[in-house]
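> Let's see this in three dimensions:
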Amino acid sequence: MKLLNVEVVLNREKGIQEAESEQDILKELDDETESYAILSHRWGVEVTYEEMIGFMMMEERKRGEARKHYGYQKIMKSCEQAKEDGYKWLWIDTCCIDKRSSAELSEAINAMYRWYQNAQVCYAYLNDVDESVFPTEPDSSKFGQSNGWPEWFMRGWTLQELIAPKQVKFFNKDWVPIGNKQCLAPTLAGITGIPREVLTHGMIEQRLCVAQIMSWAAQRKTKRMEDRAYSLMGLFGVNMPMLYGEGKNAFRRLQLEIIKETSDHSIFAWGTVPWNSWMPRTGRVLAEDPRDFRGCGRMRKVAPNKFVDRLIKQYIGNPLRIDILENDARTRQRKLVALLDAAHSVQFRTFTVSNAGIQVWLPVVPLPDSPSHFRAILPCTRDGDLATIDLVSSGTNFDRIPGTDSAFTTHPEFKTLHLTHHQVVDEKRRKLILDDKHASYYGFTRCGTYPREFRGNAVTHSFLTDGLIVTVYANNDARSRFAVGLGHYLGQGWVHVVCDKHSSSQGEDWTDFGRRAYDRMWEGHAEHTHSMPKHEHVNRDDHFTKHAHLPQSIWAARVVWGRWEIDDFKVMVDVEQCPGCCDGPWKWTTTDNDCNDIGVPGLMKTVRGSYSLELDGWEARFDKCSGQRIALGDYGDYSDGVLIRTGNIFEDMRTFGMDPKDTTYSPVVSRVSGWELQMLDMRNQGNVAVARSAIGNRHLALRQPKGISLPANDSTVLLLKALAIRLAGKHLVTTVIQCSEFYEADEDGKRSGSGDDLVLDSAESSTETGILTPLYTIATPQVWRRHLACAQRRERFKSIREHFYALVNMRQLAGTEAHRESANKRERGGAIKFFSDLCGLKYLRNYVCSSFRCLVPLTPLMERRLAR
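Purely as a prediction, here's the structure:
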């Protein structure tokens, strides 16, 4: 290793002597025999190998700028500390490795753990710590990007730099010593998850398993993805070539190298911790990243004899389970002896890696759900119970699948398994949450699912075995039905809708239609997958909609495909009125909706206003009611922060014969909090919340505020759906803030603005005596959104409108009474034929009446004509 000559560097800095050659500054020495100090730090703007040589050999008059270099100052301070501690040599990773040489870089990375281990002392420089004492409690205000602790503890490379050295001294940003590893061991154990014994005595004397060591790196980050693996080589005592650019494959290679050196089965125990089931990945048995081992800090290896004892206790000797296992005593005794022999065999302690997979010898239990599914039991425990992994047979190999709740019915038996360790396609297991409760508004019900049944509104796909589930919906009175398929192919979920064009056929059960829909969808599953919108980023606001008109009907199926959680998808199925003006099934279209952190009635996209508050702890954005009076439930046209009110949903309820005072529609009252805790003048004022403005410093102080919101229940959702045709494209007031007084405040909470402005705003914001409404939230309900009509659709709309008017006889034709009656009869006949061809006659009268009433009030004469 190349070490810095501390005395030469410091003398050169002081101008005492000049470095005549590179060897004077850096010298190749043996880490096994030489005494040296070593630096551990968080990289910033650093000095490279060639820059260090240049600085040392630079003329004095040119070195002024070099001294301002952040990395240069860090080197000087490290050298000063090393000299003070009596060390002649110092190693720093930034300037002691010539990274222009890939061979030298690879050698350094493979030897780095040993270099830190052989150093007499390691200086850990915490450049983000200001205090002269080591932080003992997490502080998110100072270290918000690193879980409340100095960033040094969140970096991947510093893990080995903490464990390997016998002595670690910590320094703050001013190079003031703030503690050492021995004294701070309890605190360091709490920060890192590393046992105190490892910090004080090293890893050699400890009985550690692979999963436990991996868990220490679970929360750490590196700039390069490959370094997630390379930084762990020393901890496991393995070496491998550096291949920057290989991505996640580096961590797979690391695990294979570990398997070659040890027979530790805990390397397969990732994702077995119950609360760490956020990764329901199917496929290869190796983890993708150290974070897959999160929660494995208490994982322990189990010796063969104790493994069999635990196996008997947990799977065979439990008296509660004996009744479901073989009761034949001779059979049980034979199996117990076989388990003991297998657990002590060389085969149990041997892993073989080949292109066919990782060959292991493990006890397995067949799962009752499928003959191809097994549960393998690993000789490692967490809190007493043996760890298990679920596998599915895929030909000659076994793939990892998420754990299930299935109960076993047989004894475990040892079996040779070839576990998949590489895979072209990253198969996944997803939970699909189906929301179809509002499809019943127009009489459609869920008939069932094909080919397998699921209860409730969630289904979990094991996509190695099941790729598609079809749900059938039908309105039997209208003889209309459709099927929605939820599938998965090549790592991506897909949704497709099939309408029943044979609904007039008699005697066909829904299962027959479901089977036909399944075959049709699966035949085109590659095309359906390709047509799906891509979730390129985990954006909780991304939703996609698809509209499919149901033939010979006045309805269309609408599917909303949204992503709420990391690994769960939510699919909403609904039925909406459609006069058949669409040009066949539409493609998927992108639509934005909020993810309902603050309860809203159905899918909505809230406009981000310029003021922010918290309602019951959830952040919300508001617009100011400048120059207008706004009430909850108002709707209208919205632009540039101004709502042009055209009505109110509670006033419209009466047209549907509904009572707006029904408690079902009672507004929800929320507690309001804001920015007042950060304002000096507001801290002692009760019942005052400050709405922070995103524009300038004109914040709004609210006295006795409360939030009033639309109830997020099914009744309100259905009300919005009933108004969807008439209020298409409108915006809705979903929340208002009421208070007894409000005024503008500056950054310190002091009143600002003129009194006249406040009086005027208060008058305009008052909806009730003594109650002011200065702020409101505006949103667009998903059910009120409509696609813009293309030229072809506009022509279809025109034709529908003309035949519609003919049907209700709105136009007054010139000529005699007999001539007019004859012409009206011909037009009505043509209109009836037009609508019959378009959407059938079954519910045409109700559709025309309901649609027309939304447009204009009907006269008694028009009511009688529609009734005929």
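> The helix or strand hosting residue 90 - what's its average pLDDT?
For residue 90, the host element (DSSP states H and E) is strand 89-91. Mean pLDDT, computed over strand 89-91, is 96.
> for stretch 169-180, same thing?
Rounded mean pLDDT across stretch 169-180 is 96.
> Tell me the buried residues in that stretch?
Neighbour counts over stretch 169-180 (16 or more other C-beta atoms under 10 Å) mark 169-172, 175, 178-180 as buried. (Glycine included, C-beta is placed from N, CA and C.)
> Name the nearest of the residues you listed relative to residue 391.
residue 170 (45.4 Å; C-beta to C-beta).
> Following element in sequence after the one helix or strand the closest one maps to, please.
Per DSSP H and E: residue 170 is located in strand 168-171. Going down the chain from strand 168-171, the next helix or strand is strand 177-180, by DSSP H and E.
> Name the residues that touch that following strand?
When contacts are defined by C-beta atoms under 8 Å, 6 or more residues apart in numbering, strand 177-180 is touched by residues 126, 129, 131-134, 167-172.
> Specify the local secondary structure of the closest residue to residue 310 other than its chain neighbours.
Distances taken as C-beta to C-beta, 6 or more residues apart in numbering put residue 386 closest to residue 310, at 5.5 Å, once the chain neighbours are dropped. The three-state assignment at residue 386 reads strand, by DSSP: H, G, I helix; E, B strand; the rest coil.
> Next, the contact list for residue 386, please.
Taking C-beta under 8 Å, 6+ apart, one finds 302, 307, 310-311, 314, 377-380 in contact with residue 386.
> Mind checking which of those are in strands?
Counted as lying in strands by DSSP state E, out of these, are 377-380.
> Identify the bridge partners of the closest residue to residue 533 other than its chain neighbours.
Spatial nearest neighbour of residue 533, excluding adjacent residues (C-beta to C-beta, 6+ apart): residue 544 at 4.5 Å. Beta-bridge partners recorded for residue 544 (DSSP bridges): residue 561, residue 590.
> pretty sure residue 544 contacts residue 569?
No: counting by C-beta atoms under 8 Å, residue 544 sits too far from residue 569 to count as a contact (10.9 Å).
> Can you check which residues contact both of those two?
Common contacts of residue 544 and residue 569, defined by C-beta under 8 Å, 6+ apart, comprise 561-562.
> ok so, going back, can you tell me which of the contacts of residue 386 are buried?
302, 307, 310-311, 314, 377-380.
> Now render those as JSON lines, adding pLDDT.
JSON lines is the format used below for the buried ones among the contacts of residue 386 (pLDDT from 0 to 100):
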{"residue": "302", "pLDDT": "90"}
{"residue": "307", "pLDDT": "88"}
{"residue": "310", "pLDDT": "85"}
{"residue": "311", "pLDDT": "82"}
{"residue": "314", "pLDDT": "77"}
{"residue": "377", "pLDDT": "92"}
{"residue": "378", "pLDDT": "93"}
{"residue": "379", "pLDDT": "93"}
{"residue": "380", "pLDDT": "93"}
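> could these go into TSV alongside distance to residue 294?
As requested, the buried ones among the contacts of residue 386 are exported to TSV (distance: C-beta to C-beta, whole Å):
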residue	distance to residue 294
302	21
307	25
310	24
311	26
314	24
377	22
378	18
379	21
380	16
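> quick check: mean pLDDT across stretch 28-45?
On average, stretch 28-45 scores 93.
> chain center to that stretch, what's the gap?
Averaging C-alpha positions (C-alpha atoms, centre = their mean, to the nearest Å) puts stretch 28-45 40 Å from its chain's average.
> any weak-confidence spans in the stretch 201-350 of the chain?
The model of the stretch 201-350 of the chain has pLDDT under 70 over residues 205, 273-282, 316-332.
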